[in-house]
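[1] got a predicted model here, sequence first, then my questions.
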Amino acid sequence: MDLDYDFMISDLPTVLAGLPKTLILTFWSMLFAIAMAVVFGGLILSRVPILKQSVIIINTFIKGVPLTVQLLFCYYAVPYVAKGCNGFLGYQYNPRHIPYFAAAVFALAANFGAYITDVVVSSMRAVDRGQYEAADAVGMNKFQGITHLIIPQAAVISIPSMTNYFIWLLKGTALASIVNVVEMLTTAKISAADGYQYLEAYIDAAVIYWAVCAGIEFMMGRFEHHIGFFMRQPESRVRPISS
């Protein structure tokens, strides 16, 4: 079997048309995942044992259940939630227009939020304890020290891990097709259905995924380089004595 290169070239714009839906799904999922991770991370770092242990148990459960199972659970659970909200704040439940996109966002955010929680906790703990003492020395209270000194440094430390999870989330959106969300991979599958040229369409999708992920990694690397200047060690100004 030979590849149909003409179809690959002509089908590329069609597959590319599904990219905005993938990026939107990735953006909202990452946004809610970070919000969840900040809350859970703060509870883990708190000195309240029952809250800390409860969050750890929830995180362990989420990380122990496959993403596909979580997507299917949300797929079947969202209609019940939507039906229960019928009439609330003017919301009208329509069983023909079930918000499956919201189900995908919720499942992806919960799954990746559990992992990003570990990034938040480890990044906060990676900040040198001397920074807390420095904040106290200049007259900052605990809240000011954390918000103005500790969190900015922890955010810079977390950039490489956050970038990796964002890329993994972008690729993970391909699983959203099992809950009726038409993203880029589903678009490629539909476009290849007439001529059964699935391999060509999937190659197009793979190339687009690769290009987008490489671009994100490059931009985030440059971003980290520019904003993380204060984290880098200064170069030694002492020159060795030449013979």
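    Yes, it's here. Residues are numbered from 1 along each chain as shown.

[2] was I right to think residue 74 contacts residue 108?
    No - here residue 74 lies out of contact with residue 108, judged by C-beta atoms under 8 Å, at a distance of 9.1 Å. Yep, even glycine has a C-beta here, placed from its N, CA and C like the rest.

[3] between the two, who's got more neighbours?
    Each of residue 74 and residue 108 had its neighbours counted (other C-beta atoms under 10 Å), and the higher figure belongs to residue 108 (26 against 20).

[4] now the more buried one. Its backbone dihedrals?
    The phi and psi torsions at residue 108 (degrees, to the nearest 10) take the values phi -70, psi -40.

[5] if you count neighbours, what's buried in the longest helix along the chain?
    Across the chain, the helix with the greatest residue count (assigned by DSSP state H) is helix 198-227. In terms of neighbour count (16 or more other C-beta atoms under 10 Å), helix 198-227 has its buried residues at 200-201, 203-205, 208-209, 212-213, 220, 224.

[6] closest one to residue 112 out of the residues you listed, please.
    Distance to residue 112, by C-beta to C-beta, is smallest for residue 213 among the buried residues of helix 198-227, at 15.4 Å.

[7] what's near enough to touch that closest one?
    Residue 213 is in contact with 167, 170-171, counting by C-beta atoms under 8 Å, 6 or more residues apart in numbering.

[8] in strands only, show me the residues you listed.
    Restricting the contacts of residue 213 to those inside strands, with DSSP state E as the criterion, leaves an empty set.

[9] many thanks, have a good one.
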